[in-house]
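>>> I need the structure of the sequence given here:
(chains A, B and C)
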Amino acid sequence: MVTEPMAQTLTSQPATWQAAQVPFDEPITDWRHRHLLDVDTLSKDEILRILSTASAMAEVLNRSVARTPALRGVTIFNLFYEASTRTRSSFELAGKILGADVINVSGSGSSVEKGESLVETLNTLSAVGADAVVMRHHASGAPWLASRTIDGHVLNAGDGQHAHPTQALLDAYILLQEFGDLSGRKIVIVGDILHSRVARSNLWSLTTLGAELTLVAPRPLLPAALAPGAAEREHPLSLPSVQVESDLDEAMVGADAVMALRIQNERLRGKLLPSSAEFARRYQLTAERVALASPDAIVMHPGPMNEGVEIGVDVAHGPQSRIEAQVSAGLAVRMAVLFLLIRGGS
Amino acid sequence: MMNSMDAPAMDRAVTRIAHEIVERHPDPEPLMLVGMRTRGVPLAERLATRIEGIDERRVPVGAIDISLYRDDLAQRPHARMQPSRIPEDIDGAVIVLVDDVLFTGRSIRAALDALIHYGRPAVIELAVLIDRGHRELPIRADYVGKNIPTQRGDDVRVSLLESDGEDCVGVYEERMARGH
Amino acid sequence: MSSILIHGGRVIDPAAGLDEWLDVLVVDGRIAEVGVDLAAPDGASLLAASGLVVAPGFIDLHTHLREPGQEHKETIASGARAAARGGFTTICAMPNTEPAMDSAAIIDGVLQRAQDVDCRVLPIGAVSKGREGRELTELAALKDAGAVAVSDDGDAVADTSLARRAFEYLSDIGIPLAEHCEDPAIAQGGVMHDGAVSARLGLRGQPAAAELSIVQRDITLAEAAGSQLHCCHISTEPALQAIADARARGLNVTAEVTPHHLCLTHDAVAGRGDELLYDTDAKVNPPLRTQADVQACIDALAAGIVDAVATDHAPHAAVDKQCEFDAAAFGISGLESAWPVVNSLVDAGRLTLPEAIERLTVGPVRAWSLDRGELNGLGTLKVGAPADLTLLSTDAVSRVEPDSWASMGKNTPLAGHTLVGVVAATVSQGRIVWDGREQ
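This next block holds a predicted model:
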């Protein structure tokens, strides 16, 4: 059964932070969020509450019957306008383990192909009684539109180049399992920051948890607002202020964790960046570069990977890699989020 | 508030239950104690210590969180969830489920549902420190520390040294309980 | 003989430097007399203007009227009603209709339909056939058909060789090329300003450099050809600086700014509350920019580096905006909120009332030399000028409520904002086309 290695990965790590974050008899308080659109509105306590719930969910996966009735009678629609294997199946399994009915709607093979607008589709799902909609969409902000359109809960499973909150939460889960506390921990994110919803969400959650972030990217793959000397650095709506470097070797020194981002091949054909080889030469996470980091540093990647482009094959599968554990953690985190959103509030 | 059980009385009750368990399930029956979160867990630990004192048996102690199995999830928020911990294979085991207060029986029902997802125990019994009556399901305790008659709206609170700094049981009448 | 006596108002005519409490008499579609205690001729309509400013009717160099082709968004008639309510008596219609206004025949059709509407409509012809940026239209024929300028607005004339030939060809035709200053190679499909907010929202950004690039290119080309460049809806500080420099060198470069670029920043896309809004009503091209850019636009307007406030009125149907931000149409419906926005700047002391009125009247007229022939005196209140007037309140507080607008386009990020200034009444070509005075 697939849950076996998954559960082992999740429970074999030290879990001091989980116990520490759940006081013995803390009163049950309402969870105040109706939707999970991004992690930018979550406090540190709220992030820790999701993750401690996720660690309890990880234990559920270990049972011989990994099924619970927590979301019995709840209907969840997976509305995916972009192809996705791991996120969609992870959400689907999370819902089913918790006892919900999960219905997959994809951008092709539905009325979406006939030109139905997003608002019409959402209204339809509302009308047939969707309690929650898990949504992936190519347009940044689409889940915000959904949250204003439907009655149920909206979970953002990735919107355009904007946010991917469950990925950021599972990354935080892995990091907390590893380090217990992120205060002062140096985390490097390298690669295509500009187009990365994973990087954007991680900026929020990791800074909220006290980590010191360094972004490394070639200038064309960095949002202009993050470039050195950009205007409006103090803008109230801007992304969290973090270190930005162009030299990966320098950034790696003393790092506790490093996250390589996926880069799409079409961005490496000379229009945006000179070539795949040039990118790899300057920004690939190689064993030599990992050796510059702290000895117990871990390596992460949101997947799917282009091995040999943004990450070396040996690094991706080496002892410092937590990439498989990330996938496993995703299931527990998504169970936790579904449970908290649907059952946590009044 | 009426103090219905002081520390020495609680100590005696736990010791008595431990003796009853040992009597009914002598070594080498595969006994396991499973405490219901949150206060059932330290009570299960105490019972295990007493049992070890009686017949030198190390009884494994587990913890079960019933958040995902409650039947009132849709009615009120229950998101504060802690990991369950079942230390060994429960197939064929004799399990004594441990909780502080037995009231409607609904929590016990949830715990039974959760437990059988780990395997097929030979038998599941129930030990509670307090039975306050007002059952809503056909559930009864096999071991009871003390029966306390209450009104349905009363609040029965068990305090334990491990979590609350003292051992005692208080019964708050409905009107007062509401104030808390 | 039809006549209207507008009495008791504060008459401001920037062209004449006039600012006095006077009466204005209109006879047969022309200004007949401006003076003290004028007598009403028999049968004259009376318009009491006490407490109000009486100004020349506003002229909008930049209006999108969607007809022909997209009458579900706006028609010439509904756009003209919106103009009247906004104090505008002349509007210049951009050619991005369907089909584009790229031939004399289509311009003729627009003028036919505009004959009896509530304001004067002056057409703008397309620079390239079908606005496709490949081949020039018959520019001289367009002018003869009535085009007061040419533009591919919505897009820049991106092909530099085509832009060069257009400026050269226009040099002896005498109408400006009104450029949409956005270099598509730099903007790359950006849906908002490239800055702190786009980085936050994960939306593709359009850098300020995209505007400056075309402004500088066109200044170079217009200077070489000896033609007029008109820069539409300028939104960034560096572009305004380039225009100021060109004008200081005596080049024939004119410019406009929109009301929304005078009062809103890119923050409007994110919204005003805690929840991100992705407000499609704030999606406009050129995009809303930074606070520094807004200040620069106001300063340039006050300093006269910018000739005109032009609305870039871009009405859309609700369905065009109720969608993902990337999929939403660009544009803000602006005719009916222009005066409150501009007057609020006056109220805040950012420019004087006569300056504000100048940029809405004789400023645009001079920029495009619109006061030729029949239109002699357009944008002024001199005797014999077209009887186009508007009565304005400068102190009445108003909430922007698009649902009550005449325009079919309710799309504005200003909805719900409280502004200072109301258009009380409008007279267009000697006819009272809007009267919203409190009785």
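>>> point me to the residue of chain A nearest chain B.
Sorted by distance to chain B under Cβ to the nearest Cβ, the residues of chain A start with A:G344, at 3.2 Å. C-beta coordinates here come from the backbone N, C-alpha and C atoms, glycine included.
>>> tell me how far that residue lies from chain C.
Note on A:G344: its distance to chain C, by Cβ to the nearest Cβ, to the nearest Å, is 19 Å.
>>> shouldn't that residue be in contact with A:W31?
Yes: A:G344 sits in contact with A:W31 when judged by Cβ atoms under 8 Å, with a separation of 3.0 Å.
>>> just the pLDDT for the spatially most central residue of chain A.
Most central in chain A under Cα atoms, centre = their mean is A:Q167, positioned 1.0 Å from the mean C-alpha point. As predicted, A:Q167 sits at a pLDDT of 98.
>>> doesn't it fall inside a helix?
Yes: assessed with DSSP: H, G, I helix; E, B strand; the rest coil, A:Q167 lies in a helix.
>>> would you agree it is in contact with A:G330?
Yes: counting by Cβ under 8 Å, A:Q167 touches A:G330, with 7.5 Å between them.
>>> what is in contact with those two at once?
A:T87 (Cβ atoms under 8 Å, 6 or more residues apart in numbering or on different chains).
>>> list the contacts of the closest residue to chain C within chain A.
Of all residues in chain A, the one sitting closest to chain C is A:H162 (2.9 Å; Cβ to the nearest Cβ). Counting by Cβ under 8 Å, 6+ apart, A:H162 touches A:38, A:140-141, A:197, A:200, C:201-203.
>>> got these as a markdown table, with neighbour count columns?
What follows is the contacts of A:H162, written out as a markdown table (neighbours: other Cβ atoms under 10 Å in any protein chain shown):
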| residue | neighbour count |
| --- | --- |
| A:D38 | 23 |
| A:S140 | 25 |
| A:G141 | 27 |
| A:R197 | 23 |
| A:R200 | 28 |
| C:L201 | 28 |
| C:G202 | 26 |
| C:L203 | 28 |
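>>> sitting in strands, which of those do you find?
Counted as lying in strands by DSSP state E, out of these, is not a single one.
>>> list just the nearest of those to B:A13.
A:D38 (51.5 Å; Cβ to Cβ).
>>> max-length helix in chain B?
Counting residues, the longest helix in chain B under DSSP state H turns out to be helix B:7-24.
>>> let me know the angle separating whichever helix or strand comes after that one from helix B:7-24.
The C-terminal neighbour of helix B:7-24 among helices and strands, as given by DSSP states H and E, is strand B:31-36. Counting by axes from the mean of the first three to the mean of the last three Cα atoms, to 10 degrees, strand B:31-36 lies at 140 degrees to helix B:7-24.
>>> tell me which helix or strand comes right after strand B:31-36.
On the C-terminal side of strand B:31-36, the closest following helix or strand by DSSP H and E is helix B:40-55.
>>> which residues outside that next one are in contact with it?
Looking at helix B:40-55 with Cβ under 8 Å, 6+ apart, the contacting residues turn out to be B:14-15, B:17-19, B:21-22, B:26-27, B:31, B:33-35, B:57-63, B:96-100, B:127, B:129, B:160-163.
>>> got the contact list for residue 32?
Because you didn't say which chain, this covers chain A. For A:R32, the set of contacting residues under the criterion of Cβ under 8 Å, 6+ apart consists of A:46, A:345.
>>> actually chain C
Residues in contact with C:A32, defined by Cβ under 8 Å, 6+ apart, are C:3, C:25-26, C:383.
>>> which stretches of chain A form helices?
Assigned by DSSP H, the helices in chain A fall at A:3-11, A:16-21, A:44-60, A:86-97, A:118-127, A:142-149, A:165-179, A:197-208, A:248-252, A:276-283, A:287-290, A:313-316, A:323-343.
>>> what about the first one, average pLDDT?
If I follow you right, that is helix A:3-11. Per-residue pLDDT over helix A:3-11 has a mean of 40.
>>> local confidence estimate at A:Q21?
At A:Q21, the pLDDT value in this model is 46.
>>> give me the below-cutoff pLDDT ranges for chain C.
Screening chain C residue by residue with the criterion pLDDT under 70, one finds the ranges C:1, C:439.
>>> residues contacting the residue of it found nearest chain A?
Among the residues of chain C, C:G202 lies closest to chain A, at 2.9 Å counting by Cβ to the nearest Cβ. Applying Cβ under 8 Å, 6+ apart to C:G202 gives the contacts A:140-141, A:159-163, A:197, A:200.
>>> check A:P228 too.
Listed by Cβ under 8 Å, 6+ apart, the contact partners of A:P228 are A:V244.
>>> before we move on, the earlier item: for the residue nearest to the centre of chain A, give me its contacts.
For A:Q167, the contacting residues are A:87, A:158, A:197-198, A:201-202, A:302, A:330, taking Cβ under 8 Å, 6+ apart as the criterion.
>>> the helix ranked longest in chain C close to chain A?
The helix that spans the most residues within chain C, counting by DSSP H, is helix C:209-225. No: using Cβ under 8 Å from any Cβ of the partner chain, helix C:209-225 stays clear of chain A, with a minimum separation of 9.8 Å.
>>> residues of the stretch 201-346 of chain A that sit close to chain C?
Neighbours of chain C within the stretch 201-346 of chain A, by Cβ under 8 Å from any Cβ: A:223-226, A:230-233, A:235, A:237-239.
>>> hmm, try it at 6 Å
Taking Cβ under 6 Å from any Cβ of the partner chain as the measure of proximity, the stretch 201-346 of chain A contacts chain C at A:223-225, A:232, A:235, A:237-239.
>>> which of the residues you listed are close to chain B?
Among those, no residue lies close to chain B (Cβ under 6 Å from any Cβ).
>>> and which of those residues is nearest A:L98?
After measuring these against A:L98 - Cβ to Cβ - the closest member comes out as A:L239, at 33.1 Å.
>>> surely that closest one meets A:L203?
Yes: when contacts are counted by Cβ atoms under 6 Å, A:L239 is listed as touching A:L203 (5.5 Å).
>>> the two: which is more packed in?
A count of neighbours by other Cβ atoms under 10 Å in any protein chain shown puts A:L203 above the other of A:L239 and A:L203, at 25 against 21.
>>> circling back to that earlier point, of the contacts of C:A32, list those near chain B.
Contacts with chain B are made by none of the contacts of C:A32, judged by Cβ under 6 Å from any Cβ.
>>> which ones are touching A:A70?
Applying Cβ atoms under 6 Å, 6 or more residues apart in numbering or on different chains to A:A70 gives the contacts A:98-99, A:339, B:68.
>>> mind doing that once more with 10 Å?
Contacts for A:A70 were tallied using Cβ atoms under 10 Å, 6 or more residues apart in numbering or on different chains; they are A:57, A:60, A:97-100, A:335, A:338-339, A:342-343, B:67-70, B:73-74, B:78-79, B:81.
>>> now, of those, which are buried?
Buried members of the contacts of A:A70, counted by 16 or more other Cβ atoms under 10 Å in any protein chain shown: A:57, A:60, A:97-100, A:335, A:338-339, A:342-343, B:67-70, B:73, B:78-79, B:81.
>>> rewinding a little: and of the contacts of C:G202, the nearest to C:A314?
A:G141 (20.8 Å).
>>> skipping adjacent residues, who's closest to that closest one in space?
Nearest-residue entry for A:G141: C:Y278, 3.4 Å, with adjacent residues in sequence omitted and distances by Cβ to Cβ, 6 or more residues apart in numbering or on different chains.
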